[in-house]
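[1] Model the structure of this input:
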Amino acid sequence: LGEDEEEPDMWEESYGGHSDSKPNGPTAVAMDFTFTGLDNVYGIPQHADTFSLKDTSTTDPYRLYNLDVFEYELWNPMALYASIPFMMGHSAKGSVGLFWLNAAEGFIDIKKDGQGLLGSVSSMFSAKTEKQVDTFWMFESGIMDMFIMMGPTPKDISRQYGSLTGNTPLPQEFAIAYHQCRWNYNDQEDVNMVEAKFDEHDIPMDVMWLDIEHTDGKKYFTWDSRKFPDSVAMIENLSSHGRKLVTIVDPHIKKDSGYWVHNDLSSKGLYVKNQDGGDYEGWCWPGASYYPDFLNAEARDYFAEQYKLSVYKGSTLDCYTWNDMNEPSVFNGPEVTMAKDKMHGEVEHRDMHNMYGMLYTMATHKGHLIRSENTLRPFVLTRSAYAGSQRYAAIWTGDNTAEWGHLEASIPMCLSLSIAGMGFCGADIGGFFGNPDGELFVRWYQAAAFQPFFRSHAHIDTKRREPWLYSAGEMALIRTAVRSRYALLPLWYTLFYEQEQDGTPPMRPLWYEFPEDEGSYAKEGSHMVGSSLLVAPVLTKGSTQVNVYFPGSTLWYDIWSHQKLDVSGSMNYAAPYEKIPVFQRGGTIIPRRERVRRSAALMHDDPITLVVAPDKEGKASGTLYLDDGKSFAYQQGAKLYMQFTWDNGKMESKMISPPGMSTPVWLERVLVLGSAPPPGQVATVSSPS
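    I've put the predicted structure just below:
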């Protein structure tokens, strides 16, 4: 444009009945990045798309803009609830990571080698050069603040990215067990009944959840006293069985002169403002609502104080928190969110939109610390996220649907989040919208049991779907899936500890563990749990077999039948209704607990079984981490972190770090898979390596 030329909408824009004043005019920043020597790039969550990002030469670009999306579509680059501007490229030569620290709306175009018009034209005039992926990044505002991570391995990238944005802290043990939720459990009696039914049907469960209907008129930090006349007794009943409660606390604050939270935030001037300085008013679940300015530390501190038991009356230390609708969702706003020209002090909302949800979870996380006087690890679930959100909250994939495609999409969505730091992720079992039939529900439980966050959830208009409401056979299969998760809690807990130490996520793509296996780079539908388990769930209706890709050239063992497989590459594998194909990698040792009880807390002191899967040389190794399961004492050394090794009949153990606690947990059994001889010798080396 010439000096005096202007395009329409440069200084003000109107659309869909909304207007954006754009007081600073055009402020976009953009840059090209080329990933040379590779075909696949990953990350930039959140999108309901394949794990290996697609070429966008003929489609819309991938959009990063946190939105409350109703019944989101699959296999496209539309924006969803979280935006993490981190991309990882990988080839047999190594891995590279790119992070652009920018919380404004973003668009990322991807052009893969030889695709699109430019690739076709250039190939006519020149010999094909080294393969590459070209990416074009553009944000509506912000600065050039990029970080390049040189790896060279995927695990190195995770460690380097974690050093920038933080690692997921070790959660309490209950948080990685099974969660039961719906919008909404009707009342205190309903909660007590559902909890008792889990025991009646011998299905483990650790957490009951309450959605927005538990409050007094959608005023958060309150209870509907008719439905929940004694919430403390209800929570204490759960606690007596080793269980917890989670209640929802959304960021929109009801416009109500009788509501102390609204009055306090208004009098303190802690709401987001309009351009004229007045408080911004939107519309959400309570009706007319205001939105706290969480960019302001005073607003975050105020919210943190609300979690004190003396303020949040009716709660206990066994009541944890779900932060939903924090994109933020504004029902009457543009694209159901906050207008970009609203103000956070001197900062426009457009400049920090994608981090609003993270700032909110910062406040909640701090509130959990304050109320327990920094003794108990917080548990917070968030729908909206940005780079760094992993320090404060777990995440789920939002309002999915009871369809097979959404079950399939849960895997790439969680893998994308995992490599971008959000390793504590999962999807609503059965789909939030709709009514899953028995087959879909069973298969979803089987898949979700091997994902980090394990929760069933449903919309208020769906049929009740507790496991015992399905056929006896289907309920039995769901019970088996849930119990399989509880048996592997020692493995999951160890993986979460290791994630805090080095950033490696519990749920990993195949190439994360087999970086030179080029056949795994674009594989969809399967994943690793840590370095030891390959999971290939059934993702299509009526299927009784799965085409499993076995990376590398190692042995694999079916974890159910213990059959040894010397296979590399793809093979069809039987997956009858009662089975999800899961394989233990040769050369690994995994810890299990065989006495499955009603909750994780009741299994905490139970003995350990080690499952040894020897490799082709007859060797294997693995780790086990133990602590009190709830406090921060492990950070002062009150923990046990050990390594086990197996070498052709000889088992050894040694402490990776100095032992800092005593425990009643003991090694009950060593199960050696395959034809290896039983252990003839067990040695313990207690000194750190």
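[2] What is the least confident helix or strand in this protein?
    Ranked by mean pLDDT, DSSP states H and E, the weakest helix or strand in the chain is helix 116-125, scoring a mean of 42.
[3] Name the next helix or strand downstream of it, please.
    strand 132-139 (DSSP states H and E).
[4] centre of the chain versus that following strand, how much separation?
    26 Å (C-alpha atoms, centre = their mean, to the nearest Å).
[5] again, but for stretch 539-553
    24 Å.
[6] buried set for it?
    Under the neighbour-count criterion of 16 or more other C-beta atoms under 10 Å, stretch 539-553 has 539, 546, 548, 549, 550, 551, 552 buried. In short, each C-beta sits where N, CA and C put it, glycine included.
[7] Hmm, residue 513 is touching residue 550, no?
    No - with contact defined as C-beta atoms under 8 Å, residue 513 does not reach residue 550; the gap is 11.8 Å.
[8] ok, the buried residues of stretch 539-553 vs residue 458, which is closest?
    Set against residue 458, the nearest of the buried residues of stretch 539-553 by C-beta to C-beta is residue 539 (20.3 Å).
[9] Let me see the confidence value for that closest one.
    For residue 539, the model assigns a pLDDT of 98.
[10] Now for it: which residues touch it?
    The neighbours of residue 539, taking C-beta atoms under 8 Å, 6 or more residues apart in numbering as the test, are 404, 407, 408, 411, 443, 447, 525, 546.
[11] Of the residues you listed, which belong to strands?
    residue 546 (DSSP state E).
[12] What about the contacts of residue 539, which one has the most neighbours?
    Taking other C-beta atoms under 10 Å as the neighbour criterion, residue 407 ranks highest of the contacts of residue 539 with 28 neighbours.
[13] correct me, but that one touches residue 445?
    No - the pair residue 407 / residue 445 is not scored as a contact, 10.3 Å apart, by C-beta under 8 Å.
[14] now the helices for the stretch 101-250 of the chain?
    116-125, 154-165, 188-200, 231-239 (DSSP state H, counting those that start in this stretch).
[15] nope, the stretch 301-450 of the chain is what I meant
    Going by DSSP H, counting those that start in this stretch, the stretch 301-450 of the chain shows helices at 349-352, 356-371, 404-419, 438-448.
[16] Residue 227: which of those helices is closest?
    Comparison of those against residue 227 by C-beta to C-beta identifies helix 356-371 as nearest, at 23.5 Å.
[17] What mean pLDDT does stretch 53-73 get?
    97.
[18] Which helix or strand contains residue 573?
    Counting by DSSP H and E, residue 573 is found in strand 569-574.
[19] same thing with residue 652?
    Using DSSP H and E, the element containing residue 652 is strand 650-655.
[20] Check which helices and strands that strand is in contact with.
    Counting contacts by 3 or more C-beta pairs under 8 Å, 6 or more residues apart in numbering; DSSP states H and E, strand 650-655 is packed against strand 640-647, strand 681-685.
[21] hang on, the earlier thing: format the helices of the stretch 101-250 of the chain as TSV; extra columns: mean neighbour count.
    Formatted as TSV, these follow (neighbours: other C-beta atoms under 10 Å):
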stretch	mean neighbour count
helix 116-125	11
helix 154-165	20
helix 188-200	17
helix 231-239	18
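[22] For the closest residue to residue 62 other than its chain neighbours, grab phi and psi.
    Distances taken as C-beta to C-beta, 6 or more residues apart in numbering put residue 77 closest to residue 62, at 4.1 Å, once the chain neighbours are dropped. The phi and psi values for residue 77, taken as degrees, to the nearest 10, are phi -90, psi 20.
[23] How many neighbouring residues does residue 77 have?
    Residue 77 has 22 nearby residues by other C-beta under 10 Å.
[24] which residues touch it?
    So residue 77 contacts 47, 49, 54, 56, 59, 60, 61, 62, 63 (C-beta under 8 Å, 6+ apart).
[25] what helix or strand is the second one on?
    No secondary structure element spans residue 49, as it lies outside all helices and strands (assigned by DSSP H and E).
[26] so which strand or helix has the residue nearest to it when sequence neighbours are not counted?
    Nearest in space to residue 49, with sequence neighbours left out and distances taken as C-beta to C-beta, 6+ apart, is residue 75 at 5.7 Å. Using DSSP H and E, residue 75 maps to neither a helix nor a strand.
[27] what's the answer for the one 3 residues further on, then?
    For residue 78, there is no host helix or strand (DSSP H and E).
[28] Now do the same for the closest residue to it other than its chain neighbours: helix, strand or coil?
    Among residues not flanking residue 78 along the chain, residue 63 sits closest, at 6.4 Å (C-beta to C-beta, 6+ apart). The three-state assignment at residue 63 reads strand, by DSSP: H, G, I helix; E, B strand; the rest coil.
[29] mind listing what's buried in stretch 374-392?
    376-392.
[30] actually stretch 270-277, not the one I typed
    So, applying 16+ other C-beta under 10 Å, buried residues of stretch 270-277: 270, 271, 272, 273.
[31] pretty sure the second one is touching residue 264, no?
    No - applying C-beta under 8 Å, one finds residue 271 not in contact with residue 264, separated by 10.7 Å.
[32] For residue 618, grab the count of nearby residues.
    By other C-beta under 10 Å, 18 other residues sit near residue 618.
[33] same deal with residue 496?
    22.
[34] again with residue 14
    9.
[35] Now do the strands in the stretch 501-650 of the chain.
    Counting by DSSP state E, counting those that start in this stretch, the stretch 501-650 of the chain has strands at residues 507-508, 527-529, 533-535, 545-550, 555-558, 564-566, 569-574, 582-585, 588-592, 608-613, 619-626, 640-647, 650-655.
[36] Could I get the average pLDDT for the fifth one?
    The pLDDT scores in strand 555-558 average 98.
[37] Mind listing the strands that strand pairs with, and their directions?
    Strand pairing for strand 555-558, using DSSP bridges, gives strand 564-566 (antiparallel), strand 582-585 (antiparallel).
[38] Same check on the third one?
    For strand 533-535, the paired strands and their directions (DSSP bridges) are strand 527-529 (antiparallel), strand 582-585 (antiparallel).
[39] Kindly format the C-alpha coordinates of the longest one as CSV.
    As requested, the backbone C-alpha atoms of strand 582-585 are provided in CSV (Å, rounded to 0.1, in the frame of the first residue of the first chain):
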residue,chain,number,x,y,z
VAL,A,582,-1.9,-53.7,24.1
PHE,A,583,1.7,-55.0,23.9
GLN,A,584,4.6,-54.7,26.3
ARG,A,585,7.9,-53.9,24.6
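[40] Report the contact partners of the residue nearest to residue 607 when sequence neighbours are not counted.
    Using C-beta to C-beta, 6+ apart and skipping residues adjacent in sequence, the residue nearest residue 607 is residue 668, 3.5 Å away. Neighbouring residues of residue 668 by C-beta under 8 Å, 6+ apart: 594, 607, 608, 609.
[41] Just the buried subset of those residues, please.
    Burial by neighbour count, judged by 16+ other C-beta under 10 Å, picks out 608, 609 from those.
[42] Pull the most distant pair out of the contacts of residue 668.
    Farthest-apart pair in the contacts of residue 668 is 594 and 608; separation 9.0 Å (C-beta to C-beta).
[43] by how many degrees do the strand holding residue 652 and strand 640-647 diverge?
    Relative orientation of strand 650-655 versus strand 640-647 (axes from the mean of the first three to the mean of the last three C-alpha atoms, to 10 degrees): 160 degrees.
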